[in-house]
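Predicted structure and sequence below. I'll ask about it afterward.
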Amino acid sequence: MSVAITSFAVFAASQVGTPGPANMALLATGARYGLRAALPFVAGVALGKQLVIWPVGFGLMQLAESAPWIFIALKYVSAAYIVYLAWRVANMRLKTDIEAKAPGFVAGLVVHPLNPKAWAMITAGFTAFTAPETPVFEATLTIAAILLAVQAVLHPMWTYGGERIARIVAGTAMEKYLMWTLAALTVASVLFVLFGGATK
């Protein structure tokens, strides 16, 4: 496959499921307003990532065609940054005192374009999980579809169950193990691809 679909799906799930600006906003919105009232916000957050995926995809994949070495360098730089994010996640702790405004589609739409974690995740998707010769449209559509599918499952889960999970786990020994597990999944998915996944 030109795109390492399975490993990228694992990577995407570990990233989308990890506490970050978007999930913290979803957690707070769901806790205060409930899933039904937060659905416009959830939809906006999910679709907002598409505003990053397509420009990044076309720009990076075209760059790979003209300068493959830059693509390979970006792959390792992105992987290193994702490992750094995983380390931060491992040492992150859940909070339940986050303030949030009333949810709305537009408010959700701008979450990911302003989220550096989203940019890093998407860049890693193209540089670490996609072979350089992959057609631009194919690579971008595959990355976009996988992320949207993962978001469609995990974003409502954060919205509906985030507050309950945070209350149970926050401040306990279980919280530390949960965060380390999420971080380990992130690192494992990246290392798998770097040492024999998407590149040929």
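Right, received. Where do you want to start? A quick note: this is a predicted structure, and the numbers were derived from the prediction, not measured. Numbers count the residues shown, from 1 in each chain.

Contact partners for Val42?
26, 29, 35, 103, 108, 155-156, 159 (CB atoms under 8 Å, 6 or more residues apart in numbering). In short, each C-beta sits where N, CA and C put it, glycine included.

Quick check: pLDDT value at it.
Listed pLDDT for Val42 reads 94.

Report the secondary structure element holding it.
Following DSSP states H and E, one finds Val42 within helix 21-48.

could you say what helices and strands the longest helix seen in the chain packs with?
In the chain, taking DSSP state H as the definition, the longest helix is helix 136-169. Using 3 or more CB pairs under 8 Å, 6 or more residues apart in numbering; DSSP states H and E as the contact test, the elements touching helix 136-169 are helix 5-16, helix 21-48, helix 50-66, helix 116-128, helix 173-194.

what angle do it and helix 5-16 make?
Here helix 136-169 runs at an angle of 40 degrees relative to helix 5-16 (axes from the mean of the first three to the mean of the last three CA atoms, to 10 degrees).

tell me which residues in helix 136-169 are buried?
Within helix 136-169, the residues that count as buried by 16 or more other CB atoms under 10 Å are 136, 139-140, 142-144, 146-147, 150-151, 154-160, 162-163, 165-166, 169.

Need the mean per-residue confidence for that helix.
Across helix 136-169, pLDDT averages out at 85.

Tell me how far it lies from the chain's centre.
Its chain's average C-alpha position is 8 Å from that of helix 136-169, according to CA atoms, centre = their mean, to the nearest Å.

Relative to Gly125, how far out is the residue located most distally from the centre of the chain?
Farthest-out residue of the chain from its mean C-alpha position, per CA atoms, centre = their mean: Ser66, at 27.6 Å. Computed as CB to CB, to the nearest Å, the Ser66 to Gly125 distance reads 20 Å.

same deal with Ile168?
Here Ile168 is placed at a distance of 31 Å from Gly125 (CB to CB).

what does Trp158 give?
For Trp158, the distance to Gly125 - CB to CB - is 20 Å.

likewise Val110?
Val110 is 21 Å from Gly125, by CB to CB.

now swap in Gly171 and tell me
Distance from Gly171 to Gly125, counting by CB to CB: 34 Å.

do the same with Gly48
Gly48 is 16 Å from Gly125, by CB to CB.

Who has more neighbours out of these two?
Gly125 (30 against 23; other CB atoms under 10 Å).

Just the CA atoms of stretch 179-186, as CSV, please.
Extracted C-alpha coordinates of stretch 179-186, given in CSV (Å, rounded to 0.1, in the frame of the first residue of the first chain):
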residue,chain,number,x,y,z
MET,A,179,-1.4,8.4,30.0
TRP,A,180,1.8,6.3,29.6
THR,A,181,-0.2,3.7,27.7
LEU,A,182,-1.5,6.3,25.2
ALA,A,183,2.0,7.7,24.9
ALA,A,184,3.4,4.2,24.3
LEU,A,185,0.9,3.5,21.5
THR,A,186,1.9,6.8,19.8
